[in-house]
Every structure is written in structure tokens, then in C-alpha cells.
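Student: What shape does this take:
(4 chains)
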2 protein chains.
Amino acid sequence: MDLSHDHDPAAPKAQPLYAQVKALMVQRLISGQWRPGEMLPSEFRLAEMFRVSQGTVRKALDSLTAENLLVRRQGRGTFVAEHDHHRALFHFFHLVGADGERRLPASRLLSVRKGLAGRLEADRLALDRGAPVIRIRRLRELDGRATIAETLVVPQALFPDLAAIGELPNTLYDLFEQRYGVIIARAVERLAAVPADERDAKLLGVAPGAPLLEIDRTALALDGAPVEWRVSRCLTRNHHYRVDLG
Amino acid sequence: MDLSHDHDPAAPKAQPLYAQVKALMVQRLISGQWRPGEMLPSEFRLAEMFRVSQGTVRKALDSLTAENLLVRRQGRGTFVAEHDHHRALFHFFHLVGADGERRLPASRLLSVRKGLAGRLEADRLALDRGAPVIRIRRLRELDGRATIAETLVVPQALFPDLAAIGELPNTLYDLFEQRYGVIIARAVERLAAVPADERDAKLLGVAPGAPLLEIDRTALALDGAPVEWRVSRCLTRNHHYRVDLG
DNA sequence: TAGTGGTCTAGACCACTAG
DNA sequence: TAGTGGTCTAGACCACTAC
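Tutor: Residues are numbered from 1 along each chain as shown, chains lettered A, B, ... in the order given. Next up is the predicted model:
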């Protein structure tokens, strides 16, 4: 099933079969041919479809499972991963309490506004400067305390009527997925310590200039395109950001 | 090769063969029977040794490779991973410049002192309070600027003559490995924003109270025992801590 | 050329889930 | 009981490395 009919010696090496199968599967996810929550055909059926052996299909499936794009359950089947609360909590939210336990924060929406992308926003979201965007501000609570002041920017083109929704859910990525068909596959976070500005200081109940942990996140869709830029300024008096190094 | 001769129905499930093989291999790493940099027997030889098929051995090897405990190179062989600079840089050091490029910091040793574990140190290192420890302070530079004020604590029992070494290398984990046979397998980092105290402020050339990124790391050996506690306070004016979320 | 890891296949059997 | 994923095996061939 070598799909790279490519005998130019200067061309890049043909990928192994399982990688080609994996790429085809990712295409089906991107195109929406396989939708979140949906069950995939069985390994043997997939092997017939792609004209490879079951072992090769399995290797592609294992890889996609490792990337959290698929979920496999013995006896039930293979499913396209969904952005449920569990995933939001364990893959995209790293603030934990002193006891090391994760808690999903409550959110209070402060504002949702349409606007035009500035230089930094255009850069982060790979848009042209002046492209229409939607900006969201919210305050998030952990253990009943205001802890995170958050600013979110998304391209209006991808989420046309987002600004019109009155109530946004606490975990946005499942909304992106279900309502707009945009699947967040991965993200890059950049952390720094910054002094609280007047606005955040008031929101979080600290003095201006108090140290805050700034989490600057770019979230990427399945195809690698940036679709959300989020800056969270966090009070780390009672919580911390946890990283496990392999 | 089921090694769990365990037919008590209340006992935990027998692990799959490849997991048992993997556990045996980890034992060889812990015991020093396979030392860092050493070449392992070939897949077929290992399959004979453990009396399983080559495919099962491969699955165990793949898993250990994914955990960065082994390195495999086609045509050459399978080797026990070493803590070289590359690994220090890519797995254990997450501070990058504005351009996103990693640089290994230069280190200036401030002090090395023997002492007795306090409550927090004993807690972090799973020692008894009052157990002998070694405390190290150093200042680290990135791009020629003093950027990280670091305090390290290790149990004296594991690193007996560490305090007597005049010059410590920049990357400590390969020293731990080569001189003391202690292999750092993974680590947990807890990040918070803190105000600079007088001492760190002077070291880093900022005003007291300026926001610093505090990285509180516990490093674990192959057997899961904590062997180093390290607190790094970082200036994040020109650098940030980068995390990739799968 | 010999030896290594990397890929691919084919088939058997087990464990779990659902009806 | 039928269908699914999970494990295990056996063997073939390829690609890379060292000698």
C-alpha cells in the first residue's frame, strides 16, 4: 500500500506503511469523516480497507491512541476521542492544589467582544493583521477562590456565532468540537512570572505588582493550525502548576 | 514465562508477558547489571534469555525506549541511556529564550555544605528528619545573564563524597550516574510565581519583591525513590518555561 | 559480509462487552 | 454467543552499521 509513487532519488524517504495508514486516518479525522465519539471499523475491517495486515493497522491505531486522538476499549471497539471534562482536566489543565489533586475550575464570564487582530494576536493565530477575532475575558475560581484571570482570543472565521452565545461552558474545547467541528489536538504553553497589573490585581484580590504565574497558551487543531490564544494569570498562593518529566 | 506463580483468585491480575519482561529488564538496570552506555544483547538473544518470542522482547524494549531508559540505533544495537548534555537539555531543562531555542545554562557554584534534613527536606526526600544531607547553592546564567538562583538538596548517604568535590559539573545528573551509580529516571516539577527575597534579588540583579518563577523539582531514581530536591528561582524577563501538551 | 534493529505479515488464542 | 481489542508467536524481508 505504498502511496508514495515516488522514484525520484532526491525525494524524501517513503514512510513506513503504518505511518501512511496513520496519516490517512488523521485525514479522516480532519475531514470529519470520523467524528468525535464515533466508533471506528474493527481492526480487520480497517486492514481490508487500507489493504494492509491487521498488525500494521494496530500499529497506526496504537500511535493515534498514544496521541489521545483515539480511545480503545477492549470488547467494545475503537472510538474517536472526545474533549470531555476528564480530558480537559488531565491533559489541558495543570494547576493543582497543595495536596496535588486536580480540580476543574468554575468560570465567571466577564466579557465577549468582537474585534480586529492586533500584531501579537495575528502572530499567535497565524492571521493577517486586522482579521476579525473574538476576545473573551473570564475569571476562574479554584476551591472557591478567584485564582485565574484569563484572556482568550479566537479567529471569528472559525467560530462565527461564538460571540452571540450567552452562556459559555466551563470547558470550551468540547464546545469548539461539537458546535464548530474544530478539534483541539495539542497546545504549547509558555510560563513566566509577571507582576499583577491593576485590572488583574483587582480581580484576584491582590496588590498591584504581586507575582502572578502567567500561562501563555497557543492551542492547535488537528491539522496543526493555531486556533486559540489564551493568557491566564494565576495566583499561586494555594495552587501550583505541575509538570511530570519523563 | 509467567513468573507470577500465583493462583490466589484474590491476587492482582497477572501482568502480560511483555510487562514481566520489561520489569526484569528494569531490575537489571537498577541492579547495575546493565550499566549506562552499555550495549544490550540482541533481540533474539534476549528472547532466548527470557524464553519468549522476539516480538514480545521488542514490545518491552519499545516501552523502555519510550521512557528514555534505552536508546536503540538501527544497525548498531540497543544501549542503556546516558545522561548526556542532550538529554539534560531536552528532558530536564525547560527554560527557553524568546526565540524558543534551548540553551544549556552556565553554572557558578556558590556553596556546598553538609547539614541535617529539616522537616520539608525530609518530606521531599523521604528521609528521617535530621538525616545527613548536602546542600548546594549555585547561580546559573543564560545568554550571559544571571537568570537562575538554585538550591539543591541531596541525601549524603547516596552521594558520600559529593561535598568534597571542588568543581561540580554543569549537568549534575551524569555525575550522579557515573560516580554514584544513581540514575535519574524522572522528575516532578511544581511551578509558582514568588516574590524575590533579598538574597535572590541581589544575585539576579532585581529589586526585592520582583516576580520570579519558582521551579520546585523532585527527581526520582529508577526505583522511584526521591534522590534530589531542587528549587530554582528564575528571572523570566528574557526567557520562559515551555510545556508541550499532547 | 555478518549482525543489528525496523517493518510487515499471518494466524492463534485470551479477555472483555453486549445482547 | 458473537464481536471486539489485547497478547503472543513465528518467520520473512529491508535498512543501516561496522568490519
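Student: What residues of stretch A:85-92 count as buried?
Tutor: A:R87, A:A88, A:H91, A:F92 (16 or more other Cβ atoms under 10 Å in any protein chain shown). Every residue, glycine included, has its C-beta placed from N, CA and C.
Student: now these in JSON lines, with distance to B:L104?
Tutor: Putting the buried residues of stretch A:85-92 into JSON lines (distance: Cβ to Cβ, whole Å) gives the following:
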{"residue": "A:R87", "distance to B:L104": "34"}
{"residue": "A:A88", "distance to B:L104": "35"}
{"residue": "A:H91", "distance to B:L104": "29"}
{"residue": "A:F92", "distance to B:L104": "29"}
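Student: Can you find the helix or strand in chain A with the smallest mean pLDDT?
Tutor: Lowest by mean pLDDT, DSSP states H and E among the helices and strands of chain A is helix A:85-91, with a mean of 83.
Student: Remind me what whatever helix or strand comes next after that one packs against, helices and strands.
Tutor: Downstream of helix A:85-91, the next assigned helix or strand under DSSP states H and E is strand A:95-97. Counting contacts by 3 or more Cβ pairs under 8 Å, 6 or more residues apart in numbering or on different chains; DSSP states H and E, strand A:95-97 packs against strand A:239-245.
Student: Need the contact partners of the strand it packs on.
Tutor: A:94-98, A:100, A:142-143, A:147, A:191, A:213, A:215, A:234, B:91-92, B:94, B:186-192, B:216, B:243 (Cβ atoms under 8 Å, 6 or more residues apart in numbering or on different chains).
Student: Contacts only, for A:L46.
Tutor: Here A:L46 is in contact with A:L40, A:V57, A:L61 (Cβ under 8 Å, 6+ apart).
Student: still on that earlier bit, would a markdown table of the buried residues of stretch A:85-92 with distance to DNA strand C be doable?
Tutor: Shown next, in a markdown table, are the buried residues of stretch A:85-92 (distance: Cβ to the nearest atom of the strand, whole Å):
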| residue | distance to DNA strand C |
| --- | --- |
| A:R87 | 19 |
| A:A88 | 23 |
| A:H91 | 22 |
| A:F92 | 26 |
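Student: from these, which are also near chain B?
Tutor: A:H91, A:F92 (Cβ under 8 Å from any Cβ of the partner chain).
Student: Please pick the buried ones from the contacts of strand A:239-245.
Tutor: A:94-96, A:142, A:147, A:191, A:213, A:215, A:234, B:91-92, B:94, B:186-187, B:189-192, B:216, B:243.
Student: gap between the nearest residue to A:L69 once chain neighbours are set aside and DNA strand D?
Tutor: Leaving aside its sequence neighbours, A:L69 sits nearest to A:A81 (Cβ to Cβ, 6 or more residues apart in numbering or on different chains; 5.5 Å). Plainly put, A:A81 is 14 Å away from DNA strand D if you go by Cβ to the nearest atom of the strand, to the nearest Å.
Student: cool, A:V52 as well?
Tutor: 13 Å.
Student: hmm, back to that, restricting to C-alpha, output the least confident helix or strand of chain A in PDB.
Tutor: The C-alpha trace of helix A:85-91 is given here as PDB (Å, rounded to 0.1, in the frame of the first residue of the first chain):
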ATOM      1  CA  HIS A  85     -14.200  17.100  31.300                       C
ATOM      2  CA  HIS A  86     -11.800  14.300  32.100                       C
ATOM      3  CA  ARG A  87      -9.600  15.200  29.200                       C
ATOM      4  CA  ALA A  88      -9.700  18.900  29.900                       C
ATOM      5  CA  LEU A  89      -8.700  18.200  33.400                       C
ATOM      6  CA  PHE A  90      -5.900  15.800  32.800                       C
ATOM      7  CA  HIS A  91      -4.400  17.000  29.500                       C
END
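Student: And the contacts of it?
Tutor: A:N68, A:A81, A:R102, A:L104, A:T171, A:Y173, A:D174, B:L245, B:G246.
Student: change it to 6 Å
Tutor: Defining contact as Cβ atoms under 6 Å, 6 or more residues apart in numbering or on different chains, one finds that helix A:85-91 is touched by A:R102, A:L104, A:T171.
Student: Let's see which of those end up in helices.
Tutor: With helices taken from DSSP state H, there is no overlap with those.
Student: any idea which of these is closest to B:L110?
Tutor: Minimum distance to B:L110 across the contacts of helix A:85-91 is 36.1 Å, recorded for A:R102 (Cβ to Cβ).
Student: and that closest one, what is it in contact with?
Tutor: A:L89, A:V96.
Student: repeat that for 10 Å
Tutor: A:L89, A:F90, A:F93, A:H94, A:L95, A:V96, A:L142, A:H239, A:R242 (Cβ atoms under 10 Å, 6 or more residues apart in numbering or on different chains).
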